[in-house]
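Undergrad: Here is the input, now give the coordinates:
(chains A, B and C)
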Amino acid sequence: MNPHTTPVLAISLALGTTITISSNHWVLAWTGLEINTLAIIPLISKSHHPRAVEAATKYFLTQAAASALVLFSSITNAWATGQWDITQLNHPTSCLLLTAAIAIKLGLVPFHFWFPEVLQGSPLMTALLLSTLMKFPPLTLLLMTSKSLNPTLLTAMALASAALGGWMGLNQTQTRKILAFSSISHLGWIAIILVYNPKLALLTFYLYTIMTSAVFMALNKIKALNLSTILTSWTKTPMLNATLMLMLLSLAGLPPLTGFMPKWLIIQELIKQEMTPAAMAIAMLSLLSLFFYLRLAYHSTITLPPNSSNHMKQWYTSKPPSTPTAILASLSILLLPLSPMIHAIV
Amino acid sequence: MTYFVFFLGVCFVLGILGVASNPSPYYGVVGLVLASVAGCGWLLSLGVSFVALVLFMVYLGGMLVVFVYSVALAAEPFPEAWGDWRVLGYVVALVVVVLGGLVLGGFVGSWGFGVNTVDSVGMFVVRLDFSGVAMLYSRGVGMFLIAGWGLLLTLFVVLELVRGLSRGAIRAV
Amino acid sequence: MSPLHLSFCSAFVLSGLGLAFHRTHLVSALLCLESMMLSMFVGLTMWPIENQTPSFTMVPIIMLTFSACEAGTGLAILVASTRTHGSDHLHNLSLLQC
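TA: Sure thing, here's the model as predicted:
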């Protein structure tokens, strides 16, 4: 990529996100979403490979349609109530339209088909941006309107997301697709709690961001795009592979790790709201995604010495350690003892 | 005048229907031109002459010309117009969906021509958009700068997307 | 709901349905996006006329700017995907399916 383009795109990503999350008016929020969409497209199609261009096309079509739908829902609300304030979205039709539009933007389940394909076509670091930074502005809009959204619809979409994210990830061997389905099922956890406790949804999103960034950066370090590359990567970075296993188990939500905290708090909150069947259903459905996390973890550690592997060993080259990966990895493993403090801060 | 505005609105919807019914791009762009001309006349009759002018010059004169050009590049030997059965099926299906939505949503009973056209309040009333769009340079300068940044960003994005003649797997030309 | 409001709403819904259902060409999909934007423009212009708010009339101009940005990016994507896929048919975009 042209060295002059990269800072412009980085500034625009920051600008678009900031505009959307700090705006009060629907038009300004829509502007931020548009700037974000425009700025990420050259990052997706950076390699100009046919797959990358196809991913950029799919991303562009879905996101442009979704942001037009956001604006349409806000204008429907404005015709009915005269309000352009984001928090004043009261008209039921426009609430439904907004839920659909944000679901398209995020990739919640009836509208999730673009997400794995776009992630598969883009480079690993752009995939990291797509599953964390690009989901933040739409999620903020959903948080700001969470008072007037339809809880039944959101719960149904959340359960479907957790189910399909886990189910469709079972059959994948590409790490980016697996992480895309993991993102979809995590969005299910965020969406199920959104109406009842928006702070908790935000906390879940932050922790998901930390964990998935750590996993993406570790995979980027060992250049692992499918499972067999992970299998043979212990010769390059043995410590990182061991940590990668812990990060994946944290993403799955196993108890002594960070990922357990949002699941624990969400199930507690759902039971408080007398939604025990939904809590039980989403907890059982996350077992599906536990399967593919376990498979990734198995591939990352089972071939560590002293076992011998049948694969050709890759030559050990000394890689410089990466500080952000280390910080994110330790955060994504060790944060559970701090959960009362984090819960109080967010 | 009210009926004229209503007629323009119907023309607008018919133009959009012409785009949405999935004909060949040749004819789709004709539908979009029809819709934008009808929309321009519609806004003009409602009394926002400057915004209508912007629609006419920027949208129809600038963007749609580029679209027509691209459509001409993507031409196919046997284009399908609205007379074809497939496109006609789309037209019927879309109309049925929209009318069904109107009936189900209960919008049919509550019609009324509550429209203020230009001649109902006189030609010499102060126009809203003359003062309103000018506020883009004073109070709305933040939005102005953001829109300008968006255009600059688009320049970089477009140049980056179509850069590199030797890139890609298959060459079309 | 006045007839004008009705016609802009149905125009948006029509073009959205046209985008969502079967599209043969990428250009047709971009045209549908443009018609969505056109109906939004008309709707955003009619809102300040109904409510007599002059300051809101700059919003359709800003929206038109960003829809021009979107149209430009869409056409650039059209050029790029025609180069890599050989044509602009949407059913060619099947390299990434699960």
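
Undergrad: which residue packs closest to C:Asp88, ignoring adjacent ones?
TA: The spatial neighbour of C:Asp88 that comes closest, neighbours along the chain excluded (C-beta to C-beta, 6 or more residues apart in numbering or on different chains), is C:Leu26 at 4.3 Å. No exception for glycine: its C-beta is placed from N, CA and C like everyone else's.

Undergrad: which residues touch the one you found?
TA: Contacts for C:Leu26 (C-beta atoms under 8 Å, 6 or more residues apart in numbering or on different chains) come out as A:Thr57, B:Ala74, C:Ile77, C:Leu78, C:Ser81, C:Asp88, C:His89, C:Leu90.

Undergrad: if we go to 10 Å?
TA: A:57, A:60-61, B:25, B:70, B:74, C:74-75, C:77-78, C:81-82, C:85, C:87-90, C:92-93 (C-beta atoms under 10 Å, 6 or more residues apart in numbering or on different chains).

Undergrad: Give me the buried subset of these.
TA: With burial judged by 16 or more other C-beta atoms under 10 Å in any protein chain shown, the buried subset of the contacts of C:Leu26 is A:57, A:60-61, B:25, B:70, B:74, C:74-75, C:77-78, C:81-82, C:85, C:88-90, C:92-93.

Undergrad: Now go through those residues and say which are in strands.
TA: Using DSSP state E, no member of the buried ones among the contacts of C:Leu26 sits in strands.

Undergrad: So what's the residue count around residue 46?
TA: No chain in the question, so chain A it is. By other C-beta atoms under 10 Å in any protein chain shown, the residues close to A:Lys46 number 18.

Undergrad: wait, chain B
TA: As a burial measure, B:Leu46 scores 23 neighbours (other C-beta under 10 Å).

Undergrad: Quick check, it in contact with C:Thr57.
TA: No. Look at B:Leu46 against C:Thr57 with C-beta atoms under 10 Å: they stay out of range, at 11.6 Å.

Undergrad: Which residues are in contact with each of these two?
TA: With C-beta under 10 Å, 6+ apart as the test, B:Leu46 and C:Thr57 both reach B:Leu128, C:Thr45, C:Ile49.

Undergrad: which secondary element of chain C has the worst mean pLDDT?
TA: The helix or strand of chain C with the lowest confidence, counting by mean pLDDT, DSSP states H and E, is helix C:3-20 at a mean of 86.

Undergrad: start to end distance for stretch A:166-182?
TA: Terminal residues of stretch A:166-182 lie 7 Å apart, using C-alpha to C-alpha, to the nearest Å.

Undergrad: Just give me how far that stretch sits from the chain centre.
TA: Chain-centre distance of stretch A:166-182: 13 Å, with C-alpha atoms, centre = their mean, to the nearest Å.

Undergrad: Distance check, the residue nearest to C:Asp88 against A:Cys95.
TA: 32 Å (C-beta to C-beta, to the nearest Å).

Undergrad: pLDDT score for C:Thr24?
TA: pLDDT for C:Thr24: 82.

Undergrad: Hmm, C:Cys32 and it touching each other?
TA: No. Using C-beta under 10 Å, C:Thr24 makes no contact with C:Cys32, being 11.8 Å away.

Undergrad: okay, and the common contacts of the two?
TA: With C-beta under 10 Å, 6+ apart, C:Thr24 and C:Cys32 have common neighbours B:Asn22.

Undergrad: who has more neighbours, the two?
TA: C:Cys32 (27 against 18).

Undergrad: my guess is that one is in a helix, correct?
TA: Yes. The assignment for C:Cys32 by DSSP: H, G, I helix; E, B strand; the rest coil puts it in a helix.

Undergrad: Identify the bridge partners of A:His25.
TA: A:Asp85 (DSSP bridges).

Undergrad: Would you enumerate the residues in contact with it?
TA: A:Thr31, A:Ser74, A:Trp84, A:Asp85, A:Ile86, B:Met143, C:Val59.

Undergrad: neighbours around residue 52, how many?
TA: Here I'm looking at chain A. The burial count for A:Ala52: 24, using other C-beta under 10 Å.

Undergrad: ah, I was thinking of chain C
TA: That count, for C:Gln52 with other C-beta under 10 Å as the rule, works out to 9.

Undergrad: Then A:Leu287?
TA: Neighbours of A:Leu287 using other C-beta under 10 Å come to 11.

Undergrad: Find the helix or strand that it is a member of.
TA: Assigning secondary structure by DSSP states H and E places A:Leu287 in helix A:276-301.

Undergrad: Which other helices and strands does that helix contact?
TA: On a contact count with 3 or more C-beta pairs under 10 Å, 6 or more residues apart in numbering or on different chains; DSSP states H and E, helix A:276-301 meets helix A:151-169, helix A:175-193, helix A:198-221, helix A:227-231, helix A:238-252, helix A:260-272.
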